[in-house]
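> A structural model of the following input is requested.
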Amino acid sequence: MRISFLIFPHVTQLDLMGPAQVLSRLPNAEIQLVAKTLAPVPTDSGFPIHPTHDFAAAGRPDILCVPGGFGTAAVMEDAESLAWLREAAETAQWVTSVCTGSLILGAAGLLRGYRATCHWASHEWLARFGAIPVKERVVFDRNRVSGGGVTAGIDFGLALAAALAGEQAARTIQLGLEYDPAPPFDSGAPDRADPAIVNGYRQLVARLVPDRAARYQAAADRLNGDRAES
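Residues are numbered from 1 along each chain as shown. Coordinates of the predicted model:
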């Protein structure tokens, strides 16, 4: 079972590693880290990840997964990456995402009419790419599966593992990973975090990627313009 993760500069490594760790424990799983080239890919944590395959060598995945991160806008602007996603999605059994990876799927035209979720701070953008926004941790809609922000990728991986191999297999993976969350603070969602913390996070993102909203809007305009022309 070939499981291909698209990786790109400034990907959030936990978006990728959470589900990859879970899904790698399924029988006959082959994890591919796919990028435009085999050059090391910098993450938004400051360290690189090494791709295992480039687009030409990746082949057709059984499961396609797109993580998110601060580099999502650049992927939305890259015709080669979007073309590879469309081609891979044509035959994939499952087309999936974690965090803002769903917006990349959206920019590729792969979420029109599908229920989907993403990181809370970017949730409003889903509808502009033709998706039906749902505020849930993991969302299944036919063969599309999306996880919320970052750590939701572990929940996403376990839910998908259950769909692929049964609940007992997923429970066994969860036990093996000792995934038994007990966070020290009740600050993991915007409706429970202190409003000052929520505002501070939004300001941080605005400083790190000040043009993100404009680039997301441009990607949505391109998608909708292409749709109107067709």
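
> so where is the chain shaky, pLDDT-wise?
The model of the chain has pLDDT under 70 over residues 228-230.

> for the protein, what spans make up the strands?
Assigned by DSSP state E, the chain shows strands spanning 2-6, 30-35, 41-42, 48-49, 53-54, 63-66, 94-98, 115-116, 132-133, 138-141, 144-147.

> tell me which residues of stretch 158-171 are tucked away?
158, 159, 160, 161, 162, 164, 165, 169, 170 (16 or more other C-beta atoms under 10 Å). For the C-beta atoms, the positions are set from N, CA and C on the backbone; glycine is no exception.

> ditto for stretch 191-200
Here stretch 191-200 shows 193, 198 as buried, counting by 16+ other C-beta under 10 Å.

> can you get me the start-to-end distance on it?
End-to-end distance for stretch 191-200, by C-alpha to C-alpha, to the nearest Å: 14 Å.

> and the contacts of it?
Identification of contacts with stretch 191-200 by C-beta atoms under 8 Å, 6 or more residues apart in numbering yields 186, 187, 190.

> which one of those sits in the busiest neighbourhood?
Highest neighbour count within those, by other C-beta atoms under 10 Å: residue 190, with 15 neighbours.

> please look at that residue and residue 119 and confirm they touch.
No - between residue 190 and residue 119 there is no contact under C-beta atoms under 8 Å: 10.2 Å.

> for residue 3, what are its contacts?
Residue 3 makes contact with 20, 23, 24, 29, 30, 31, 32, 61, 62, 63, 65 under the criterion C-beta under 8 Å, 6+ apart.

> could you find the closest non-adjacent residue to it?
Spatially, and ignoring its direct neighbours in sequence, residue 3 is nearest to residue 63 (4.4 Å; C-beta to C-beta, 6 or more residues apart in numbering).

> returning to what we had before: tell me the most buried of the strands of the chain?
strand 63-66 (a mean of 30; mean count of other C-beta atoms under 10 Å).

> in CSV, list the C-alpha atoms belonging to that one.
Extracted C-alpha coordinates of strand 63-66, given in CSV (Å, rounded to 0.1, in the frame of the first residue of the first chain):
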residue,chain,number,x,y,z
ILE,A,63,-3.2,7.1,-0.4
LEU,A,64,-2.3,10.7,-1.2
CYS,A,65,-1.8,13.0,1.8
VAL,A,66,-1.0,16.7,1.8
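
> pull up the pairing partners for it, direction included.
Applying DSSP bridges to the sheet, strand 63-66 is found paired with strand 2-6 (parallel), strand 94-98 (parallel).

> returning to that earlier point: which of the contacts of residue 3 lies closest to residue 89?
residue 61 (9.0 Å; C-beta to C-beta).

> and the closest one, how many neighbours?
Using other C-beta under 10 Å: residue 61 sits among 23 other residues.

> make CSV from the contacts of residue 3 and add distance to residue 45 to it.
Shown next, in CSV, are these (distance: C-beta to C-beta, whole Å):
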residue, distance to residue 45
20, 15
23, 21
24, 20
29, 24
30, 25
31, 19
32, 21
61, 25
62, 28
63, 24
65, 19
